[in-house]
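A.B. asks: just need the structure, nothing else, for what follows:
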Amino acid sequence: MIMCSGVGILPKADEVVIPIEKFTKYALNAMNSEGKSDAFELALGYNLSNVADLIGNIKMNLKNFPAKHQGNKGFGEIYSVLMVLVGANGKSAHVMTAWIDDAKTDEMRLTSAYVKKRRE
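C.D. replies: Model prediction:
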């Protein structure tokens, strides 16, 4: 069982690394995302044509929501941040983001992002 604890703002929030491939090859790519791309498109109006806007939205809002420490599995400290984003379509939705403070590279990097269902 992983114990979660609030840590305030995500450490290194001003210098996070968000690999565009997390979206272009996975979360916004209908061929690989198992419904994530549909959720981003329907809930927030994001798709492969405006991926940079989604990344900018996450970065801009990251410090507005608390981070939860999720532990360390040997590769670095793991965090989650649940945020409410207003998308390209003007609608708002909860987006869960996952982060690792990579022990090898010393960078805070996005590992996952998805639109969270209201009752999840």
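A.B. asks: how about the strands in this protein?
C.D. replies: Assigned by DSSP state E, the strands in the chain fall at 5-8, 67-72, 76-86, 92-102, 108-115.
A.B. asks: for those strands, which one sits closest to residue 51?
C.D. replies: Proximity to residue 51 (C-beta to C-beta) singles out strand 108-115 among the strands of the chain, at 11.2 Å. (Glycine included, C-beta is placed from N, CA and C.)
A.B. asks: that closest one vs strand 67-72, what angle?
C.D. replies: Angle between the axes of strand 108-115 and strand 67-72 is 110 degrees (criterion: axes from the mean of the first three to the mean of the last three C-alpha atoms, to 10 degrees).
A.B. asks: who's in contact with the spatially most central residue of the chain?
C.D. replies: Note on the chain: the residue nearest the mean C-alpha position is residue 97, at 2.6 Å, using C-alpha atoms, centre = their mean. Each residue near residue 97 by C-beta atoms under 8 Å, 6 or more residues apart in numbering is listed here: 58, 62, 80, 81, 82, 83, 110, 112, 113.
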